[in-house]
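Q: Below is the sequence, then the predicted model.
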Amino acid sequence: MSLHQDLAKVIRNYYSKGWSPATSTNYSFKDEEGQIWVSRSGVDKSEFNDKDFIKIDIQGNAVGEYSNVKPSAETLIHCFIYKLFPETRVILHSHSVNPVMVSSIEHSDVRFEGYEIQKGFAGQTTHQNQIRIPILDNSQEMLFFEKEMTYKKAQLVNHCFIIRKHGSYAWGTSLFEAKRHLETLDYLCECKLVLNKFK
């Protein structure tokens, strides 16, 4: 299958997990020529297919045969990630409840230590490290995210972040890696929430 088809299948799966309610969330990838494709806005993710991606340029404008289509405003967040981390091939955006709830009780970041699954983040080789995932405040101004992500670039070493009471973004050099980063973050956030129940 093509990356279009593989990512469309992942999107439908994430909808079934409750990570893309209504028509929320957006996803993107760079093809072998470096062309960026982003999920079309307003599509029911339970029925998302490989024809529901549109081409954009690095400024977030739809191009070519899609030039009359208006991408989601959040497309610019994808563009910022591609600019900051040029090796990125796939970006996933989730509205899973776990990171959203964690972001409502933590301040500027969420910290994890001692969990074996921390090694799901590329570059982490031991469970013994303390890792920090940045939490960005939500905003309707996309340039706010560009400034915040640029300022916090050194903290984005685990290839993901959370937007407060909104959702999470994760990326990777392949679809497999991006999935691993997003799913690792979600699992750790679930652990944090469960643990807090016993405190």
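A: Thanks, I have the structure now.

Q: ok, now which ones touch the most centrally placed residue in the chain?
A: The geometric centre of the chain, computed from its C-alpha atoms, lies nearest to residue 169 (Cα atoms, centre = their mean), at 2.1 Å. Going by Cβ atoms under 8 Å, 6 or more residues apart in numbering, residue 169 touches 77, 81, 91-93, 160-161, 163. Quick note: C-beta positions are derived from backbone N, CA and C, even for glycine.

Q: From these, which land in strands?
A: Within the contacts of residue 169, residues falling in strands by DSSP state E are 91-93, 160-161, 163.

Q: what's the neighbour count on the closest residue to residue 66 other than its chain neighbours?
A: The shortest distance from residue 66 to any residue other than its chain neighbours is 4.0 Å, reached at residue 54 (Cβ to Cβ, 6 or more residues apart in numbering). Look at residue 54: counted by other Cβ atoms under 10 Å, it has 22 neighbours.

Q: any low-confidence regions in the protein?
A: Applying pLDDT under 70 to the chain flags residues 1, 199.

Q: sec struct for residue 170, please.
A: Secondary structure for residue 170, judged by DSSP: H, G, I helix; E, B strand; the rest coil, is strand.

Q: Doesn't residue 37 lie inside a strand?
A: Yes. Residue 37: assigned to a strand according to three-state DSSP.

Q: so who does it touch?
A: 4, 28-31, 53-56.

Q: Which strand residues bridge it?
A: Counting by DSSP bridges, residue 37 forms beta bridges with residue 29, residue 55.

Q: Now do it against residue 171, distance only.
A: 14 Å (Cβ to Cβ, to the nearest Å).

Q: Show me the strands in this structure, by range?
A: Listed in chain order, the strands of the chain (DSSP E) span 27-30, 36-39, 53-56, 90-94, 109-113, 130-136, 160-163, 167-172.

Q: Relative to residue 196, which of those strands is closest?
A: strand 109-113 (11.4 Å; Cβ to Cβ).

Q: who touches the closest residue to residue 113 other than its chain neighbours in this structure?
A: Here the nearest residue to residue 113 in space, its sequence neighbours aside, is residue 130; by Cβ to Cβ, 6+ apart that works out to 4.1 Å. Counting by Cβ under 8 Å, 6+ apart, residue 130 makes contact with 111-113.

Q: Can you lay out those residues as CSV showing neighbour count and distance to residue 144?
A: CSV is the format used below for the contacts of residue 130 (neighbours: other Cβ atoms under 10 Å; distance: Cβ to Cβ, whole Å):
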residue, neighbour count, distance to residue 144
111, 11, 24
112, 22, 26
113, 11, 30
